[in-house]
Structures are given as C-alpha cells and as structure tokens.
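Asker: Sequence first, then the predicted structure:
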Amino acid sequence: MEIRQRIDFSFASVELLVNGIVRVLFFGDQSIGVPESREVNNAIGRLSGGKRARVLIMSQPDTVFEFGAREFSSSAEGQQYTLGDALVINSLPHKLLVNFYLKFDKPKNPSKAFDNEADAIAWLLSLNDSAQ
C-alpha cells in the first residue's frame, strides 16, 4: 500500500496511506507506555488533519504494551482522532491483551481484532464516516 506521509519515532512509524487509513507500526523489542501512546495519537491527528481517521494498528510479537498505554488508548483523549481501530494480532500474548482491551477497556469507537492486514483494511474501509 502506497504511503502518502509518514512520521517516524524510535518505537513506531505512523503512516497515512493513499486510501486514507492511518497505519501504526510498532517496532519489536519496545515497551509502549502512555508517553509513546500520546505521541502516536498526536501523529494520527497531524496526519489526519485533526479529523477522525480509520486506524490500522500493527506490532511485532515482542512489542510490550503497558497497562497505562491500553488505558490511554481507550480514553476520550486517546480516541479523539479515531473513527475506528483495526488491530492486527500476530502472537498469543497480543491476542490475550487485545481481547482484554476490547472487553474491559471498551474503546468508545468501533474496534476489532484481525489475523491479517487485508481483512483489517477491508473492515476499516467499510466503516461509515460517522461510525461510533
């Protein structure tokens, strides 16, 4: 998928794709906490022009997401630039974490887990612009 614009961090890359989806790629061997989550959220806002975007989240199997990051990501502030989240899962620990996130943190916007990027993108593109 062609990238229109990209913001890179030491722990992740945030990309605006030609289809309007914002793809977040968390790098391996990283611990993601609230500061990193805020930086990613701000990058999503910059790439989307301050509007709510369809967000595709991917990570390496050895990326660690701290409790605070999960809590921030489901908050009103963490969801302010999100129309919907598609989370691509590639490890058992992440599957458990995402299931917990979806059931207990309950993000305000549509969020769904996928086994592959293609299905995640198809779901994101099916969301209505006023989805919630």
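Answerer: Okay, I see it. Residues are numbered from 1 along each chain as shown.

Asker: So F114 sits against V88, correct?
Answerer: Yes: F114 is within contact range of V88, at 5.3 Å (criterion: CB atoms under 8 Å). C-beta here means a position set from N, CA and C on the backbone, and glycine is covered the same way.

Asker: Need the overlap of contacts for those two.
Answerer: Residues within reach of F114 and of V88 at once, by CB atoms under 8 Å, 6 or more residues apart in numbering, are A120.

Asker: In the protein, which helix is the longest?
Answerer: Ranked by number of residues, the top helix in the chain under DSSP state H is helix 34-47.

Asker: Run the chain-centre distance for that helix.
Answerer: When distances are taken as CA atoms, centre = their mean, to the nearest Å, helix 34-47 is centred 10 Å away from the chain's centroid.

Asker: Check which helices and strands the helix or strand encompassing A113 sits against.
Answerer: Secondary structure assigned from DSSP states H and E places A113 in strand 111-114. Packing contacts for strand 111-114, counted by 3 or more CB pairs under 8 Å, 6 or more residues apart in numbering; DSSP states H and E, involve strand 82-88, helix 92-100, helix 117-126.

Asker: Could you pull up the mean pLDDT of it?
Answerer: For strand 111-114, mean pLDDT rounds to 93.

Asker: For that strand, buried residues please.
Answerer: Residues of strand 111-114 classed as buried: S111, A113, F114 (neighbour count, 16 or more other CB atoms under 10 Å).

Asker: Chain neighbours aside, what residue packs nearest to the last one?
Answerer: Spelled out, it's F114. Distances taken as CB to CB, 6 or more residues apart in numbering put A120 closest to F114, at 4.0 Å, once the chain neighbours are dropped.

Asker: Tell me how many other residues crowd the one you found.
Answerer: Neighbour count of A120, defined by other CB atoms under 10 Å: 24.

Asker: And the pLDDT at it?
Answerer: 97.

Asker: can you check L92 too?
Answerer: According to the model, L92 scores 84 on pLDDT.

Asker: what's the spacing between it and V14?
Answerer: 26 Å (CB to CB, to the nearest Å).

Asker: Those two: which is more packed in?
Answerer: Neighbour totals were compared for L92 and V14, and V14 leads with 23 against 9 (other CB under 10 Å).
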